[in-house]
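Peer 1: Turn this into a structure:
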Amino acid sequence: MKRQKSLILGVLLVPLSGWLLLSVLWAPTYIVSTAPYPVDQDPGSRGLSFEDIHIPSDDIILEGWWIPADKPIAELIFVHGAGSNRISQYIGSLDFYRTLHELDISVLTMDIRNHGNSPVIDGILRMGGEEWRDVMAAARWLDERHGSDLPRILFGASMGGSTVIHALYHGLGAKAAILLDPQLDVFDSLIHGGQVTAGFPAALFSVAAGIAIYRFDLPSGSESPLVKATGLDLPILLMQDWDDPVTRSPYAAQLAEMNGNVTLKRVPHIAPDASCLDGKEAWGSHVAAHPCHPDWTRGTISQFLQALSY
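Peer 2: Modelled structure (predicted):
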C-alpha cells in the first residue's frame, strides 16, 4: 500500500512539476504577448466620413482615424483593449463609431503600440503602464490639428480602460471618461485571461501572472488601475457586464463604492448563446455591450453626456 501511494504521488508530481516549470519559464511571457491584427475595414463601410491620420508617440507613429461629426458637441478619444485594434469585432467598434456620430460626437481612434497597423515595439502588453503615452499623444494631435473648446471624453475598453486611467493619472485633461468592462486588477485579469485563452483553471496561472507582473513591471499594488482610478476627480461612466469572464464585476463595484464620481451602469444580461456573441467563444460577453444591447448603450451614453451639461 505504501509503495502504491508513493507511485501515485510520483505520477502526480510529474505533471505538476512540468506545469510549474512552464509557469516560470514560458507562461509569463505567453500571457502578456500579443500579435497585431491588421486593420482591413474602415468607417466608410458604415457610411462615415473619416481621415487617415498618423500620431507621433515617443519614437513611433501610430495609425488611426479622425471621424468628425457634422455638428459636434464633444470629442472622444477611443482606446481599444489588449490584442485588439480600432476595428475590434468584440466591441463592434465600427458600429459604435456610427452610434457616436449619431450622438454628434467626433471620434479620434488609433491602434495603440503593438496593435493593428501601428508599429510593434516588443509585442508585450504593459496593461496600460506604457500604453497611456499613446493616449497622451492622441490628445496632443487633437490639440494641434483640431483645437477647440468642445468637451473631451476618453473612452477605454478592457485594457483600454486601464490605459485611460493611467493617462488621466499622468495629467491628461478631460471633461469625462467612459469605461467599458475596464481592466482594474491586472493580476485577476491575467489569470482569467489565461483561463479563457488556454482553457485551464484560472488558479493555474497564478504563478505565471505574478512573475509577469514582476518581470515586465506591470501596474499592481499602489500602481494598479483600481487604486489610480479611486483618486480621479472627473465624471466617469462605468458600463460593466456582470458576467464578464476576464475583467470581472467585483472590481467595478469596488471602484464605484470608493469613488463618488463613478456612475456604474450594469449591462443588461447577455445570454451565453446570444447571436451577438458568435465567434467569441470563451470570451463570452466581455466588452459586448454595444453589439448585444446597442439601444441600451446609446441611451446610457446619451444620458451621461446630457448630465455633464448641468
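
Peer 1: Helices of the stretch 201-310 of the chain, start to end?
Peer 2: 206-215, 225-230, 249-258, 289-292, 294-308 (DSSP state H, counting those that start in this stretch).

Peer 1: Out of these, which gets nearest to A138?
Peer 2: helix 225-230 (18.6 Å; Cβ to Cβ). Yep, even glycine has a C-beta here, placed from its N, CA and C like the rest.

Peer 1: if we can go back for a sec, of all the helices of the stretch 201-310 of the chain, which lies closest to D149?
Peer 2: helix 294-308 (14.2 Å).

Peer 1: what's in contact with the closest one?
Peer 2: 73-74, 95-96, 99-100, 102-103, 105, 151, 153, 175-176, 178, 235, 237, 239, 263, 265, 267-268, 289-290 (Cβ atoms under 8 Å, 6 or more residues apart in numbering).

Peer 1: I only care about these that end up buried; give me the PyMOL line for that.
Peer 2: Buried residues among those (16 or more other Cβ atoms under 10 Å), as a PyMOL selection:
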select buried, resi 74+96+99+100+103+105+151+153+176+178+235+237+239+263+265+267+289+290
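
Peer 1: Please list the members of the contacts of helix 294-308 that lie in strands.
Peer 2: 74, 105, 153, 176, 178, 237, 239, 263, 265 (DSSP state E).

Peer 1: okay but the first one is in contact with P151, surely?
Peer 2: Yes - the pair A74 and P151 passes the contact test of Cβ atoms under 8 Å, sitting 4.7 Å apart.

Peer 1: show me what contacts C276?
Peer 2: Counting by Cβ under 8 Å, 6+ apart, C276 has contacts 270, 288, 291-292.

Peer 1: which residues in the stretch 1-150 of the chain form helices?
Peer 2: Counting by DSSP H, counting those that start in this stretch, the helices of the stretch 1-150 of the chain are 2-25, 27-30, 93-102, 132-146.

Peer 1: Against which helices or strands is the shortest one packed?
Peer 2: Using 3 or more Cβ pairs under 8 Å, 6 or more residues apart in numbering; DSSP states H and E as the contact definition, the elements that helix 27-30 packs against are helix 206-215.

Peer 1: Could you report the pLDDT at L22?
Peer 2: On pLDDT, L22 comes in at 59.

Peer 1: and what of G10?
Peer 2: 43.

Peer 1: Same check on R248?
Peer 2: 97.

Peer 1: I'd assumed G193 was in contact with it.
Peer 2: No - contact between R248 and G193 fails when scored by Cβ under 8 Å: they sit 10.9 Å apart.

Peer 1: out of those two, which sits in the busier spot?
Peer 2: G193 (27 against 21; other Cβ atoms under 10 Å).

Peer 1: Could you check how far that one is from R215?
Peer 2: 17 Å (Cβ to Cβ, to the nearest Å).

Peer 1: what residues does stretch 149-157 touch?
Peer 2: By Cβ under 8 Å, 6+ apart, stretch 149-157 touches 72-81, 84, 88, 91, 105-106, 135, 139, 142, 162-165, 167-168, 172-182, 287, 305, 308.

Peer 1: Try it again at 6 Å.
Peer 2: 72, 74-79, 81, 91, 163-164, 174-180, 287 (Cβ atoms under 6 Å, 6 or more residues apart in numbering).

Peer 1: With stretch 83-99 instead?
Peer 2: By Cβ under 6 Å, 6+ apart, the residues outside stretch 83-99 that reach it are 34, 37, 39, 41, 43, 46, 67, 80, 107, 109, 111, 115-116, 157, 287, 290-291, 298.

Peer 1: Report the buried members of those.
Peer 2: Among the contacts of stretch 83-99, the ones that count as buried by 16+ other Cβ under 10 Å are 37, 39, 43, 46, 67, 80, 107, 109, 111, 115-116, 157, 287, 290-291, 298.

Peer 1: which residues of this protein score low on pLDDT?
Peer 2: 1-26, 310 (pLDDT under 70).

Peer 1: Try it again at 80.
Peer 2: Counting by pLDDT under 80, the chain has low-confidence residues at 1-27, 309-310.

Peer 1: give me the beta-bridge partners of the closest residue to A137 other than its chain neighbours?
Peer 2: Among residues not flanking A137 along the chain, S57 sits closest, at 3.5 Å (Cβ to Cβ, 6 or more residues apart in numbering). As for beta bridges, S57 partners with I60 under DSSP bridges.

Peer 1: Surely S57 and D134 touch.
Peer 2: Yes - contact criterion Cβ atoms under 6 Å: S57 and D134 qualify, at 4.8 Å.
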